[in-house]
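In: what follows is a predicted structure for the sequence shown.
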Amino acid sequence: MEKYKKDQEFMDYVGHLIDHPRFQRLDDIVQHHHSTRLEHSIHVSYTSYKLAKRFGWDAKSTARGGLLHDFFYYDWRITKFNKSHAWVHPRIAVRNARKLTKLNKREEDIILKHMWGATIAPPRYKEGYIVTMVDKYWAIREAARPLKKVLAKPRRFSRKFLNSYHH
Ligand SMILES: [Fe+2]
Ligand SMILES: [Fe+2]
């Protein structure tokens with residue numbers, strides 16, 4: 001069993017959201033090369049939650065905001081908007097999240113500002129800084145090919161590979 005599932009406190013905070021059929025649909029979408037959007041969301045949520053707990057910050061809001069930060073269904077490789085994907089998808093995510101659960105101010109801000117770096121407005125709460133950093137950390141880990149494969153068949157960084165750091 002995966003580690004996060006054995007963490008009762010974490011599951012009390014987000015287990016029902018993970019299990020929701022609308023959230024489970026994210027498992028059909030590839031996020032980074034080696035993860036679905038569902039897996040990515042759980043990675044970001046659990047790592048962020050653990051850090052927030054270690055710092056004695058609001059671990060519940062961090063877990064929930066982290067889980068819902070990429071709650072959108074379109075494929076950013078295909079669907080294009082007038083505004084950048086980095087600006088659009090947090091706004092769609094917060095709208096979808098509101099339909100699933102009642103968000104507090106901190107959770108809303110975590111979702112809306114998680115693209116800080118690519119977007120201008122910085123997080124308002126310290127928990128938001130955890131999620132924005134952890135999101136980037138997991139984007140790189142999930143996009144990188146497993147070391148075994150890299151060694152078996154070396155290749156240069158392709159454009160496609162570099163473009164995957166968009167979340
Ligand atoms: Fe994102
Ligand atoms: Fe993300």
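Out: Received the coordinates, thanks. Numbers count the residues shown, from 1 in each chain. Ligands and ions are numbered 1, 2, ... in the order given.
In: count of residues packed around residue 56?
Out: Counted by other Cβ atoms under 10 Å, the residues lying close to residue 56 total 7. Every C-beta, even on glycine, is put in place using the N, C-alpha and C of the backbone.
In: sorry, that was for residue 44
Out: Neighbour number of residue 44 under other Cβ under 10 Å is 31.
In: so which strand or helix has it?
Out: In the assignment (DSSP states H and E), residue 44 maps to helix 37-55.
In: what segments of this protein are strands?
Out: 30-32, 35-36 (DSSP state E).
In: give the buried residues for stretch 90-105.
Out: For stretch 90-105, the neighbour count (16 or more other Cβ atoms under 10 Å) marks 90, 92, 93, 94, 96, 97, 103 as buried.
In: is that stretch in proximity to ligand 1?
Out: No. Using Cβ under 5 Å from the ion, stretch 90-105 stays clear of ligand 1, coming no nearer than 6.4 Å.
In: mean confidence score for that stretch?
Out: For stretch 90-105, mean pLDDT is 98.
In: which residues touch that stretch?
Out: Residues from elsewhere that reach stretch 90-105 (Cβ atoms under 8 Å, 6 or more residues apart in numbering): 17, 20, 22-23, 61, 64-65, 68-72, 74, 107-108, 111-115, 119.
In: the same query, at a cut-off of 10 Å, please.
Out: 14, 16-17, 20, 22-23, 26, 41, 58, 60-61, 64-65, 67-74, 81, 83, 107-116, 119, 124-125 (Cβ atoms under 10 Å, 6 or more residues apart in numbering).
In: much appreciated, bye for now.
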